[in-house]
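[1] Make a model of this:
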Amino acid sequence: MTGPLKVETIPEASIIALAALWHEGWHEAHDHLVSSSDATTRSRVRFAERLYAARLSGRMV
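    Take a look at the predicted model:
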């Protein structure tokens, strides 16, 4: 693949799997950098919501 991945080109069926991957990676890399209350707001559902919204609007997440 060349160039950045555009969220609007991701198939809708892939959003949940990508959100799970993003969630896992975010928590692995960031949990120790933010407060525990801030980390708990980063749920798989929240990451999926952000991907769905970005896909519809054409913006990056």
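[2] in which helix or strand would I find Glu28?
    Glu28 belongs to helix 15-30 when assigned by DSSP states H and E.
[3] Kindly apply the preceding question to Ala48 instead.
    Assigned by DSSP H and E, Ala48 falls in helix 44-57.
[4] Which residues does that helix contact?
    Helix 44-57 is contacted from outside by 7-8, 10, 12, 15-16, 18-20, 22-23, 26, 60-61, using Cβ atoms under 8 Å, 6 or more residues apart in numbering. For the C-beta atoms, the positions are set from N, CA and C on the backbone; glycine is no exception.
[5] Any of the residues you listed buried? List them.
    Burial by neighbour count, 16 or more other Cβ atoms under 10 Å: within these this picks out Val7, Ile10, Ile15, Leu18, Ala19, Trp22, His23.
[6] Between the residues you listed, which sits nearest Asp38?
    Taking Cβ to Cβ as the measure, Asp38 lies nearest His23 of these, at 14.3 Å.
[7] just checking, the closest one touches Arg42?
    Yes: at 6.8 Å, His23 counts as touching Arg42 under the criterion of Cβ atoms under 8 Å.
[8] Give me the residues contacting the lowest-mean-pLDDT helix or strand in the chain.
    Across the helices and strands of the chain, mean pLDDT, DSSP states H and E gives its lowest value to helix 36-40, namely a mean of 86. Outside helix 36-40, the residues that touch it by Cβ under 8 Å, 6+ apart are His27, His30, Asp31.
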